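Asks: Build me a structure from this.
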Amino acid sequence: QVQLVESGGGLVQAGGSLRLSCAASGRTILGYTMGWFRQAPGKEREFVTAISWNGGTTYYADSVKGRFTISRDNAKNTVYLQMNGLKPEDTAVYYCAAKPGRAATTPGPFGSWGQGTQVTVSS
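Replies: Numbers count the residues shown, from 1 in each chain. Sure thing, here's the model as predicted:
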């Protein structure tokens, strides 16, 4: 199983940007779909974005499309989430997740999770 550690969260004003990183260890992420999910207080964990094992296909929630960009560097065993045009409603704990093979956009199929990083967007 792959171990994941997120970093890059913080406090930012609305309209600002943050770049999250997810460093994987234990095994290569080659062959894994990588995803980002988020969970705000009192809400369920929701899908944000995912990227196929070779980076050829990306998936985005409608709420972040055009503002967020997921990318991966398999050589560095790292996945990134560039977040631009942040809004207060983007405030949440952001989790990196991994699953072998085909992409998914729900949390259930992802077997490996990081501990999360807090993103807070002030208005």
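
Asks: any idea which element the most centrally placed residue in the chain lies in?
Replies: The geometric centre of the chain, computed from its C-alpha atoms, lies nearest to residue 36 (CA atoms, centre = their mean), at 2.3 Å. Using DSSP states H and E, the element containing residue 36 is strand 32-39.

Asks: Give me the contacts around that strand.
Replies: 2, 20, 22, 45-53, 70, 72, 79, 81, 90, 92-105, 107, 110, 116, 119 (CB atoms under 8 Å, 6 or more residues apart in numbering). Using the backbone N, CA and C atoms, a C-beta is placed for each residue, glycine as well.

Asks: Among those, which lie within strands?
Replies: Counting by DSSP state E, the contacts of strand 32-39 place 20, 22, 46-51, 70, 72, 79, 81, 92-100, 119 in strands.

Asks: what separates residue 78 from residue 99, distance-wise?
Replies: 17 Å (CB to CB, to the nearest Å).

Asks: ok, now residue 119?
Replies: Counting by CB to CB, the gap from residue 119 to residue 99 is 22 Å.

Asks: got it, and residue 64?
Replies: Using CB to CB, residue 64 is found at 20 Å from residue 99.

Asks: How about residue 16?
Replies: Going from residue 16 to residue 99 by CB to CB gives 31 Å.

Asks: Neighbour count for those two, which is higher?
Replies: Higher neighbour count among residue 16 and residue 99: residue 99, with 20 against 15, using other CB atoms under 10 Å.

Asks: Was I right to think residue 71 contacts residue 49?
Replies: No - between residue 71 and residue 49 there is no contact under CB atoms under 8 Å: 10.0 Å.
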